[in-house]
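Colleague: Sharing a model prediction with you, sequence too.
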Amino acid sequence: MKIFKKIFELIKSRFKQLVSYGFWGVCTTGVNVLAYALLRLDKTFSVAASTAIAWVVAVLFAFFTNRIFVFHSDKRGFAAVFKEMAMFFAMRLFSGLVDVGLMWFLMLGNPPVMPEIAAKIFTNIVVIVMNYFLSIFIVFAKKTSKNEGNIEETENITDLEK
């Protein structure tokens with residue numbers, strides 16, 4: 001119960017960050033669709049190749065917009081930024097697998113657990129929320145204090161109250 005109260009307080013105190021995250025998420029979707037459409041214009045690339053390339057372009061766009069405008073990362077230098085980017089890509093691959101797994105589970109059975117489009121909307125909501133929290137607590141977390149090696153808090157949880 002205490003963890004749910006903490007999550008609620010975090011969301012409540014992060015409204016500006018959530019709006020920014022939502023705005024850049026919509027822009028990322030636009031980048032994905034535009035990149036896909038451009039790649040498919042002359043049919044040089046297959047649907048699968050266009051989808052994969054558009055996903056990479058969109059995740060790169062999402063990484064830099066999240067890094068700069070949403071989570072305000074202060075990491076500098078090639079190695080630090082590359083590590084952050086690699087973690088971001090890894091988390092996005094993980095959430096993609098969760099998306100596929102949830103869809104598989106929800107469509108399993110006859111009849112399925114829920115209608116297909118409802119399942120896709122549900123899994124997208126799960127993935128969006130999961131990506132937000134993975135970004136806060138793993139990818140863009142800034143260690144500010146330690147207690148016997150355990151992080152007590154991150155700047156990302158408190159820096160918007162300034």
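Modeller: Thanks, I have the structure now.

Colleague: what's near enough to touch the residue most central in space within the chain?
Modeller: Within the chain, the residue whose C-alpha comes closest to the C-alpha centroid is N131; the distance, by C-alpha atoms, centre = their mean, is 3.1 Å. Remark: with contacts taken as C-beta atoms under 8 Å, 6 or more residues apart in numbering, N131 is in contact with M91, R92, S95. For glycine as for every other residue, the C-beta is placed from the backbone atoms N, C-alpha and C.

Colleague: other SSEs contacting the longest helix that the chain contains?
Modeller: Among all segments of the chain classified by DSSP state H, the helix with the greatest residue count is helix 78-107. Of the remaining helices and strands, those touching helix 78-107 by 3 or more C-beta pairs under 8 Å, 6 or more residues apart in numbering; DSSP states H and E are helix 47-65, helix 116-134.

Colleague: quick one: R14 from I7, how far?
Modeller: According to C-beta to C-beta, to the nearest Å, R14 stands 11 Å off from I7.

Colleague: and these two? which has more neighbours close in?
Modeller: Neighbour comparison, R14 and I7: the larger count goes to R14, with 18 against 12 (by other C-beta atoms under 10 Å).
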